[in-house]
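Asker: Sequence first, then the predicted structure, then my questions.
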Amino acid sequence: MASVSTRRDTSGQFDSPFSAGMPALTQPTPEDLAKEIARTKEMTDKPFGVNLTILPAIKPPPYAEYRDAIIQGGVKIVETAGYKPQEHIDHFKQHGIKIIHKCTAVRHALSAERMGADAISIDGFECAGHPGEDDIPGLILIPAAADKVKVPMLASGGFGDGRGLAAALALGADGINMGTRFCVTKEAPINEAFKRQMVENDERATNLIFRTLHNTARVMKNAVSDEVVAIERKGGAKFEDVQHLVAGVRGRKAMDEGDTDGGIWSAGMIQGLIHDIPTVKELIDRIVADAEEIIRGRLEAMIK
Ligand SMILES: Cc1cc2nc3c(=O)[nH]c(=O)nc-3n(C[C@H](O)[C@H](O)[C@H](O)COP(=O)(O)O)c2cc1C
């Protein structure tokens with residue numbers, strides 16, 4: 001899945017206002033990732049990023065080989081996310097790659113900055129995917145991080161319109177990162193039924209699964225995620241108790257068949273503010289125009 005960042009780069013380190021990222025681990029092997037990077041380069045001459053999510057897995061994927069595919073593919077920006085990114089940051093930086101580290105806590109942002117991250121993406125509790133275990137919404141997390149982080153910083157989690165962009169800038173971020181909102185665009189390679197469901201859903205249509213396993217994930221509320229939550233609520237649940245429900249293969253089948261109740265799908269609270277399926281260009285133009293209108297119109301009028 002692509003997540004895209006709209007930023008005002010105050011440092012001049014990045015040479016484009018927009019960057020899009022593909023999650024490396026959605027490709028089954030490093031060879032597949034290399035092919036996907038090559039395919040992306042055929043489709044655009046714009047810069048794009050790759051996300052490398054570092055999971056606390058018992059049997060980790062071959063990270064070094066995924067990194068090699070990214071480096072040899074000529075990718076210039078990597079978004080790291082997850083646990084202990086140091087060796088990944090070091091390796092990428094040796095090859096001149098800029099690192100955006102995405103995290104859900106100020107302390108993790110500061111530690112990534114010390115490790116050499118060039119930018120931080122701070123992901124509030126509203127976000128799709130893993131919000132961490134601190135449950136701090138963006139309204140607090142973004143300014144708390146902005147007070148301490150020195151490198152450029154993106155606000156992430158719950159962004160999808162011009163109001164969000166203007167708010168993020170007011171809170172001290174240099175731009176926004178969006179996941180769920182980009183899933184509901186014409187270009188997103190997602191079954192139309194899922195896009196329509198996210199348009200229909202309101203801001204309450206998410207579930208937090210894996211809470212009791214201390215690996216919380218925010219996903220779309222549906223029959224399967226409701227069942228996971230119900231099993232966890234009984235107490236003492238182990239991953240094996242919900243594995244059949246959350247399996248990636250089940251999620252992929254549900255996506256292929258357009259069965260929005262068939263598997264787990266990452267989606268955030270921003271669903272409540274998604275009312276259409278525009279092209280990416282229409283979406284970006286609208287967000288930027290609306291944010292400018294809010295800043296020049298509504299906000300400026302307040303101090304006159
Ligand atoms: C369908 C989907 C898949 C995602 N996959 C990943 C992933 O593999 N790694 C990751 O770090 N974040 C992943 N995310 C999280 C996003 O990168 C981003 O942090 C999050 O979506 C921001 O919150 P928002 O959805 O409210 O914009 C995913 C998000 C979505 C919606």
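Answerer: Ah, there it is. Numbering: from 1, shown residues only.

Asker: Up against the ligand, what does this protein have?
Answerer: On the criterion C-beta under 6 Å from any ligand atom, the ligand has as its neighbours in the chain the residues 1, 3, 23, 51, 53, 81, 102, 123, 126-129, 156-159, 178-181, 183, 266-268, 270. Yep, even glycine has a C-beta here, placed from its N, CA and C like the rest.

Asker: For this structure, which segments count as helices?
Answerer: Along the chain, the stretches classed as helices by DSSP state H are 30-43, 63-72, 86-94, 106-115, 138-146, 162-170, 180-183, 192-200, 223-233, 239-246, 248-257, 280-293, 300-302.

Asker: State the mean pLDDT of the fourth one.
Answerer: Which is helix 106-115. The predicted model assigns helix 106-115 a mean pLDDT of 98.

Asker: which other helices and strands contact that helix?
Answerer: Applying 3 or more C-beta pairs under 8 Å, 6 or more residues apart in numbering; DSSP states H and E, we find helix 106-115 packed against helix 86-94, strand 98-103, strand 119-123, helix 138-146.

Asker: how far away is Asp68 from Trp265?
Answerer: Using C-beta to C-beta, to the nearest Å, we find Asp68 at a distance of 30 Å from Trp265.

Asker: whoops, Glu126 was the one
Answerer: Counting by C-beta to C-beta, the gap from Glu126 to Trp265 is 16 Å.

Asker: Kindly report the same for Leu52.
Answerer: Distance, Leu52 to Trp265, using C-beta to C-beta: 22 Å.

Asker: Quick check on those two: which one has the bigger neighbour count.
Answerer: For Leu52 against Trp265, the residue with the higher neighbour count under other C-beta atoms under 10 Å is Leu52, and the figures read 25 against 22.

Asker: Mind listing the residues bridging to that one?
Answerer: Applying DSSP bridges to Leu52 yields these beta-bridge partners: Thr80.

Asker: Enumerate every residue touching it.
Answerer: Ala24, Leu25, Tyr63, Tyr66, Arg67, Ile70, Val78, Glu79, Thr80, Ala81, His88 (C-beta atoms under 8 Å, 6 or more residues apart in numbering).

Asker: Ala230: neighbour count?
Answerer: Ala230 has 11 neighbouring residues, counting by other C-beta under 10 Å.

Asker: Name the residues of stretch 215-228 that are buried.
Answerer: The neighbour-count criterion (16 or more other C-beta atoms under 10 Å) identifies Thr216, Ala217, Arg218, Val219, Met220, Lys221, Asn222, Val224, Ser225, Glu227, Val228 as the buried residues of stretch 215-228.

Asker: And the closest residue in space to Ile70 that isn't next to it in sequence, how far from Met153?
Answerer: Of all residues not flanking Ile70 in the chain, Val50 sits nearest, at 5.1 Å (C-beta to C-beta, 6 or more residues apart in numbering). Val50 sits at a distance of 20 Å from Met153 (criterion: C-beta to C-beta).
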